[in-house]
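# any chance you can model this:
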Amino acid sequence: MPLGDDRTASLRAMAHPLRLQIMSLLTAAPLTAAEVARELGVTHANASYHLRNLLSGGLIVVAGEEKIRGGVAKRYRYDTHSEPPGPRPDEQRRADFATLAHELIRRSAQARFEADAGLYADGDFWIDPDVWLGIRDRISQAVDDLHDAAQPPRTPGTVRTSTTVAMFQHRPEVPE
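Numbering: from 1, shown residues only. Just a heads-up that it's a prediction; the model follows:
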């Protein structure tokens, strides 16, 4: 498949909000389509369809196969340390941010807001470029730490949390 086709598949894979939920589930543990379907309350066919799209887009990998009731079920996993193939155009990144925003709205409807239970921050800052890169890298490492610490859904002794991060530089201003 040519690189352009890989990138197109990757861009299409992120086009549905359910796929973000699936990728989050697959961060903690490899799951089958049936397990994804049960966890998200969707049909097995729907889960399979979205898993195939994520797989063809290079956003998830097959982590193994197992025999179940005489058939073979694939276990899928989201590799948080890999990127989709090829560069992503600005329009796609903007679409990704819109998808993240919608997912944040969905998740916040399930939130428990207590004085010490969360963090909310927003800002549009002017920062020294080296300071920006250092802060961005630390936050990126913190997100990696969260992904690495993730447990399978409903693991005893865990709490369900939500984290959404979007950091970027603005385009340079054009003098008038």
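# where does the prediction get shaky in this structure?
1-15, 83-87, 115-117 (pLDDT under 70).
# how about the strands of it, start to end?
Counting by DSSP state E, residue ranges of the strands within the chain are 61-68, 71-77.
# now the angle from the first one to strand 71-77?
Orientation check (axes from the mean of the first three to the mean of the last three C-alpha atoms, to 10 degrees): strand 61-68 against strand 71-77 gives 150 degrees.
# strand 61-68 packs against which elements?
Packed against strand 61-68 by the contact rule (3 or more C-beta pairs under 8 Å, 6 or more residues apart in numbering; DSSP states H and E) you find strand 71-77. Bear in mind the C-beta positions are built from the backbone N, C-alpha and C, glycine included.
# again with the last one
Packing partners of strand 71-77 (3+ C-beta pairs under 8 Å, 6+ apart): helix 33-40, helix 44-56, strand 61-68.
# tell me which residues touch F97, please.
The contact partners of F97, taken as C-beta atoms under 8 Å, 6 or more residues apart in numbering, are A166.
# off-centre distance for stretch 22-36?
12 Å (C-alpha atoms, centre = their mean, to the nearest Å).
# sorry, back to before: any chance of the helices and strands packed on strand 71-77 in CSV with distance to F125 as columns?
Listed next are the helices and strands packed on strand 71-77 as CSV, based on distance: least, C-beta to C-beta, whole Å:
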stretch, distance to F125
helix 33-40, 36
helix 44-56, 34
strand 61-68, 36
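# so which of these gets nearest P152?
Proximity to P152, assessed across the helices and strands packed on strand 71-77 by C-beta to C-beta, is greatest for helix 33-40 (9.2 Å).
# now the longest helix along the chain: buried residues?
Using DSSP state H, we find that the single longest helix of the chain is helix 129-149. By neighbour count on 16 or more other C-beta atoms under 10 Å, the buried set for helix 129-149 is H147.
# neighbouring contacts of it?
Contacts of helix 129-149 (C-beta under 8 Å, 6+ apart): 27, 80-81, 127, 161, 163, 165, 167, 169.
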